[in-house]
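Trainee: Would you be able to build a 3D model of this:
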Amino acid sequence: MRSAVKTLGFAGLVAVVLAGCNPPANDRRGAEPAGGFSSRLSENLSGEYAPGAPVRVGGKALEGLYLGHPEDFAAFERGERVPDFAPVTLMLGGDRILPTGYRVTDETVRFEGQAGRTPVRLEAEIDLDALAEARRTLGGDGVVIRGTLEVGGERSAVAFSRASAG
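Mentor: Sure, this is the predicted structure:
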């Protein structure tokens, strides 16, 4: 009886410790991608996106965001990699930041990468109606992607307009 109580007590302790390893589902920080690469796209989001206003985060100027074609995502996720290319790339402080993980859907972009040893994270929402309008008008000043960029623990709101088609 005593060993059964010890076993149950140990199992309970393990469950509590393991539960603490995973953030709550509604906690967006630490959520995917965590090193994985996945996309679920029914829209072609490809193109270059420029910040709507100057943004400096972690001492680095944000220069843009590139999203590839759906087939670029599919090939990358199958492991067909080309050096210095990824279907999601941030231009930051004069450097192209490739992902260590991403999750991209028609509605969201979640990106993790490294600028040297500095962690970089983008969490953003895509406005498909604004993107359709930007396509009709060949770019423009309309914001199509909004979110938060974090560089080395410093966070800033960011907004991107469509700069060019991919």
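Trainee: In contact with Y49, which residues?
Mentor: G64, L65, Y66, L67, V144, I145, F160, S161, R162, A163 (CB atoms under 8 Å, 6 or more residues apart in numbering). C-betas here are computed from N, CA, C, even on glycine.
Trainee: And it, its phi and psi?
Mentor: The phi and psi values for Y49, taken as degrees, to the nearest 10, are phi -120, psi 130.
Trainee: burial of the nearest residue to it once chain neighbours are set aside, as a residue count?
Mentor: Of all residues not flanking Y49 in the chain, F160 sits nearest, at 3.7 Å (CB to CB, 6 or more residues apart in numbering). Other residues within reach of F160, judged by other CB atoms under 10 Å, total 24.
Trainee: And A132, by the same measure?
Mentor: Using other CB under 10 Å, the number of residues around A132 comes to 12.
Trainee: Now the longest strand along the chain: buried residues?
Mentor: With secondary structure taken from DSSP state E, the chain has its longest strand at strand 154-165. Of the residues in strand 154-165, V158, A159, F160, S161, R162, A163 count as buried by neighbour count, 16 or more other CB atoms under 10 Å.
Trainee: okay but A86 is in contact with F73, surely?
Mentor: No. In this structure A86 lies outside contact range of F73 using CB atoms under 8 Å: 9.4 Å.
Trainee: Cool, thanks, talk later.
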